[in-house]
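K.L.:
Sequence and predicted model, in that order:
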Amino acid sequence: MIVTIDGVAASGKSSVSSGVAQALGVPYVSSGLLYRAVTLLGLQGGVPLDEAPALLPLLRGVHLEPSASGNHVWQADQDLTAALHSTRVDAGVSTVATLPEVRAWVDAQLRALPAPFVAEGRDMGTNVFPHASAKFYLTASPRVRAERRARERPEDIPAIEAALTERDRLDTVQSAPAPDARVIDTGPLTLQGVIDEILRALR
Ligand code: DC
């Protein structure tokens with residue numbers, strides 16, 4: 001069984017996926033973390049983020065460790081996870097995510113994982129797992145998302161909202177909902193409200 005939870009940036013996908021996965025007793029899989037790891041390694045290696053041939057050799061030994069409570073990305077025995085949510089990585093990740101070679105590398109990592117799991121990202125239901133048992137797509141207005149993110153980062157809400165709107169624009173191509181996904185506007189719901197709605201739909 002594979003459940004996909006896609007959605008726009010800062011729509012609450014990770015927290016919702018973690019909650020749903022814990023209720024189901026399965027891991028969740030954060031595909032965005034792999035795109036973030038490619039970005040981090042490119043920045044650290046001083047490689048232009050739009051050059052796939054320069055980025056791919058940096059990925060040797062990189063792998064995702066899914067769990068129900070949180071995912072880690074490792075490169076050999078080094079845990080990269082803590083560095084993946086910086087503003088610098090946020091700003092570069094959309095460039096990396098447009099590269100077909102990088103997308104193919106991420107997709108291969110994801111498809112090699114043993115089911116069952118909850119897969120979270122942008123194109124889980126459309127591209128990576130089109131035959132998933134159930135598909136969800138989370139939305140919320142840019143302002144609501146910026147207010148949520150401001151609780152995690154020391155930046156002002158208008159600056160976060162502008163960065164999110166720009167990332168929405170750059171991520172448009174891979175962010176379309178699957179035609180068979182249930183779209184949930186998380187704006188008026190609490191985190192537990194979204195998790196409950198998904199669990200009800202799964203039953
Ligand atoms: O979900 P996130 O914010 O951690 O994702 C980071 C970036 O990775 C996002 O801006 C777009 C990209 N991404 C993608 O293109 N496809 C995915 N399946 C997941 C993320």
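P.N.:
Noted; the coordinates are in hand.
K.L.:
Identify the residues contacting stretch 17-30?
P.N.:
Contacts of stretch 17-30 from elsewhere in the structure, counted by CB atoms under 8 Å, 6 or more residues apart in numbering, are 1, 3, 5, 14, 64, 66-71, 110, 113, 116-121, 191-192, 195, 198-199, 202. Placement of C-beta: from N, CA and C, glycine included.
K.L.:
hang on, I meant stretch 114-121
P.N.:
Stretch 114-121 is contacted from outside by 1-6, 13-14, 16-17, 20-21, 24, 26-32, 66, 110, 128-129, 132, using CB under 8 Å, 6+ apart.
K.L.:
circling back to that earlier point, filter the contacts of stretch 17-30 to keep only those in contact with the ligand.
P.N.:
Near the ligand, taking CB under 6 Å from any ligand atom as the test, the members of the contacts of stretch 17-30 found are G121.
K.L.:
all helices in the chain, in order from the N-terminus.
P.N.:
Secondary structure of the chain by DSSP state H: the helices cover 13-24, 31-44, 52-55, 87-97, 100-111, 142-150, 157-170, 191-202.
K.L.:
Could you tell me the angle between the fifth one and helix 31-44?
P.N.:
Meaning helix 100-111. 130 degrees (axes from the mean of the first three to the mean of the last three CA atoms, to 10 degrees).
K.L.:
what's the angle between helix 100-111 and helix 87-97?
P.N.:
Here helix 100-111 runs at an angle of 100 degrees relative to helix 87-97 (the same axes, to 10 degrees).
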